[in-house]
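In: heads up, no residue letters with this:
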């Protein structure tokens, strides 16, 4: 069993095209033996955003901290901590920091 | 895309043997079209606990709120909000509320 605080997992900058001021921490990954899906914690700094894109894998997201917006059908939907988001495969999506503090969100993906 | 606050999903009591004072909210489930894994939010009231048991599916857990303990190798490990736990298949585990407030935790499982 792995027990880890998120602060103890090194953040890595997301260098993917379309991402700006985003870090990722891999909390539970294939290397831990996880057979089906991975848990990542994203940090989006004020003014930052993930790419607005689509791909074949789904996302399961939970917002922990900060004022964010989710891009759905080309429009921004404001979201607050305590909000879960299911992004089906191949649906366009993006996550934007619209506040003054850091946005923290979990994002699970299939492995 | 589904966007939902956890408070807007009805809590259901967990009636499984060995569970005490535990509610579950299914935030993202098979019914939403999720193909690989589900997101549930558990609430454990003060004095409550999940079963101490083992099963073939893994758990990926993230603690959101409250003072909890994780049972690992028959001993309690205190955990606080911001802690991730990976429970491999077939490993004994349990989650206990050791504080005065509600423990809230996400628990993802394969579908």
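Out: Yep, that arrived. Since the structure is predicted, the reported quantities are computational estimates derived from the model, not experimental observations.
In: Distance from the chain centre to whichever strand in chain A runs longest, please.
Out: With secondary structure taken from DSSP state E, chain A has its longest strand at strand A:37-49. Its chain's C-alpha centre and that of strand A:37-49 lie 4 Å apart, by CA atoms, centre = their mean, to the nearest Å.
In: residue boundaries of the strands in chain A?
Out: Here chain A has its strands, by DSSP E, at A:2-5, A:12-13, A:20-28, A:37-49, A:59-65, A:68-72, A:75-79, A:83-87, A:94-97, A:103-110.
In: Which positions in the fifth one come out as buried?
Out: This points to strand A:59-65. A:59, A:60, A:61, A:62, A:63, A:64 (16 or more other CB atoms under 10 Å in any protein chain shown). Just so you know, the C-beta spots here come from the backbone N, C-alpha and C atoms, and that holds for glycine as well.
In: touching chain B at all, it?
Out: Yes: Strand A:59-65 is in contact with chain B by CB under 8 Å from any CB of the partner chain, via A:60, A:62, A:64.
In: can you pull the buried residues of stretch A:86-96?
Out: Those buried within stretch A:86-96 under the rule 16+ other CB under 10 Å are A:86, A:87, A:88, A:93, A:94, A:95, A:96.
In: List the contacts of stretch A:14-23.
Out: A:11-13, A:24, A:42-53, A:97 (CB atoms under 8 Å, 6 or more residues apart in numbering or on different chains).
In: quick one: terminal-to-terminal distance for it?
Out: The straight-line separation of the ends of stretch A:14-23 (CA to CA, to the nearest Å) is 5 Å.
In: in that stretch, what's buried?
Out: Neighbour-count burial for stretch A:14-23 flags A:14, A:19, A:21, A:22, A:23 (criterion: 16+ other CB under 10 Å).
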